[in-house]
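# I would like to see how this sequence folds:
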Amino acid sequence: MISGMAGTLESNDTMITVTPAEKMSIEVTSVVDAFYHDQIVKVIYDTLLEQKITNISVTCQDKGALDYTIRARLLTAISRMEEQDD
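All right, here's what the predicted structure looks like:
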């Protein structure tokens, strides 16, 4: 199965895993979920829309990462998935 992964499970980081899918799916687990779940989903969703990507499944295991870290990890995971597809 083609997938891409980026990040770590260290504090203030996030591990993002992406795989091709028939429709967009975003799953988030976070140590700060009660406070920032919606914001994390929004960062992922907006980044995917900017990249014009709709057929993807994203799993985010967050350990308190800031928005720019989540975005960077997502873009790296997508890039790694696309490298495997070549």
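# pretty sure I16 contacts A72?
No. When contacts are counted by Cβ atoms under 8 Å, I16 is not listed as touching A72 (9.4 Å). In short, each C-beta sits where N, CA and C put it, glycine included.
# what distance separates the start and the end of stretch 58-73?
Start to finish, the residues bounding stretch 58-73 are 11 Å apart (Cα to Cα, to the nearest Å).
# Make 16 the starting number, not 1.
From this message on, residue numbering opens at 16, which makes the last subject stretch 73-88.
# If we go by neighbour counts, what in it is buried?
Of the residues in stretch 73-88, V73, T74, C75, Q76, D77, K78, A80, T84, I85, R86, A87, R88 count as buried by neighbour count, 16 or more other Cβ atoms under 10 Å.
# Looking at these, which are in strands?
Of these, the ones assigned to strands by DSSP state E are V73, T74, C75, Q76, D77.
# on that earlier part again, for V58, state which of the buried residues of stretch 73-88 is nearest.
Nearest to V58 among those, counting by Cβ to Cβ, is I85 at 4.9 Å.
# and the closest residue to the closest one other than its chain neighbours, helix, strand or coil?
Distance criterion Cβ to Cβ, 6 or more residues apart in numbering; nearest residue to I85, sequence neighbours excluded, is V58 at 4.9 Å. Three-state assignment for V58 (DSSP: H, G, I helix; E, B strand; the rest coil): helix.
# quick one, what contacts V58?
D82, I85, R86, L89 (Cβ atoms under 8 Å, 6 or more residues apart in numbering).
# can you check A92 too?
Counting by Cβ under 8 Å, 6+ apart, A92 touches G19, M20, A21, G22, I31, T32, V33.
# is it fair to say it lies in a helix?
Yes. The assignment for A92 by three-state DSSP puts it in a helix.
# about what we covered before: Serialize the ones in strands among the buried residues of stretch 73-88 to JSON lines and add fields for distance to K67 and pLDDT.
Formatted as JSON lines, these follow (distance: Cβ to Cβ, whole Å; pLDDT from 0 to 100):
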{"residue": "V73", "distance to K67": "15", "pLDDT": "98"}
{"residue": "T74", "distance to K67": "21", "pLDDT": "98"}
{"residue": "C75", "distance to K67": "20", "pLDDT": "98"}
{"residue": "Q76", "distance to K67": "25", "pLDDT": "98"}
{"residue": "D77", "distance to K67": "24", "pLDDT": "98"}
